[in-house]
Each structure stands twice: as C-alpha cells, then as structure tokens.
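Enquirer: Just to be clear, the model below is a prediction. Sequence and coordinates:
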Amino acid sequence: MVQAFRFALDPSAEGERRLRSHCGAARAAYNWAVSWVEASWWQRRAEASYGIA
C-alpha cells in the first residue's frame, strides 16, 4: 500500500524570498557539480585519445 500526502505552502513575503534563495543555491550547486563531472569526462576522453591510461 502506498500513501501520499500533498501540502500547500503559503509562506510570508520573507519566507518566499528565503525559499527562492534556497532553490537558487541548490540550482547553482547542481550546475557546478554537472560542469565538474563533464569537465572530468572530457579530460579523461582527451587523455585516452593520447594513449594515457
């Protein structure tokens, strides 16, 4: 049996500002991690093309 709950948020103006700030920070951290992984992948691919293990 699976049960789910749905809650509505009704933040104040300050609460909404803080929620948006948190979401922006989470997105920045995610984008940083994706770019780091992608750069590592391209680096390893370049090393493989030069015969570096």
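Expert: Sure, I can see it.

Enquirer: what pLDDT does the residue nearest the centre of the chain get?
Expert: Centroid check for the chain by Cα atoms, centre = their mean gives Tyr30 as the closest residue, at 2.0 Å. Note for Tyr30: predicted pLDDT of 98.

Enquirer: secondary structure element for it?
Expert: Following DSSP states H and E, one finds Tyr30 within helix 13-49.

Enquirer: in that helix, what's buried?
Expert: For helix 13-49, the neighbour count (16 or more other Cβ atoms under 10 Å) marks no residue as buried. C-beta here means a position set from N, CA and C on the backbone, and glycine is covered the same way.

Enquirer: average pLDDT across stretch 42-49?
Expert: In this model, stretch 42-49 carries a mean pLDDT of 92.

Enquirer: hang on, the earlier thing: for the helix holding Tyr30, packing partners?
Expert: Of the remaining helices and strands, none touches helix 13-49 by 3 or more Cβ pairs under 8 Å, 6 or more residues apart in numbering; DSSP states H and E.

Enquirer: Please compute how far it lies from its chain's middle.
Expert: Distance, stretch centre to chain centre, for helix 13-49: 5 Å (Cα atoms, centre = their mean, to the nearest Å).

Enquirer: for stretch 33-51, same thing?
Expert: On the basis of Cα atoms, centre = their mean, stretch 33-51 sits 19 Å off its chain's mean C-alpha point.

Enquirer: now what about that stretch, what contacts it?
Expert: Stretch 33-51 is contacted by residues Ala53 when judged by Cβ atoms under 8 Å, 6 or more residues apart in numbering.

Enquirer: pull the CA atoms of that stretch into CSV?
Expert: Output in CSV follows, covering the C-alpha atoms of stretch 33-51 (Å, rounded to 0.1, in the frame of the first residue of the first chain):
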residue,chain,number,x,y,z
ALA,A,33,28.6,19.5,-10.0
VAL,A,34,27.4,18.8,-13.5
SER,A,35,30.1,21.1,-15.0
TRP,A,36,32.8,19.4,-12.8
VAL,A,37,31.7,15.9,-13.9
GLU,A,38,31.5,17.0,-17.5
ALA,A,39,35.0,18.6,-17.4
SER,A,40,36.4,15.4,-15.8
TRP,A,41,34.8,13.3,-18.5
TRP,A,42,36.2,15.4,-21.3
GLN,A,43,39.6,15.4,-19.6
ARG,A,44,39.6,11.6,-19.4
ARG,A,45,38.5,11.3,-23.0
ALA,A,46,41.3,13.6,-24.1
GLU,A,47,43.8,11.5,-22.1
ALA,A,48,42.5,8.3,-23.7
SER,A,49,43.0,9.8,-27.2
TYR,A,50,46.7,10.4,-26.3
GLY,A,51,47.1,6.9,-25.0
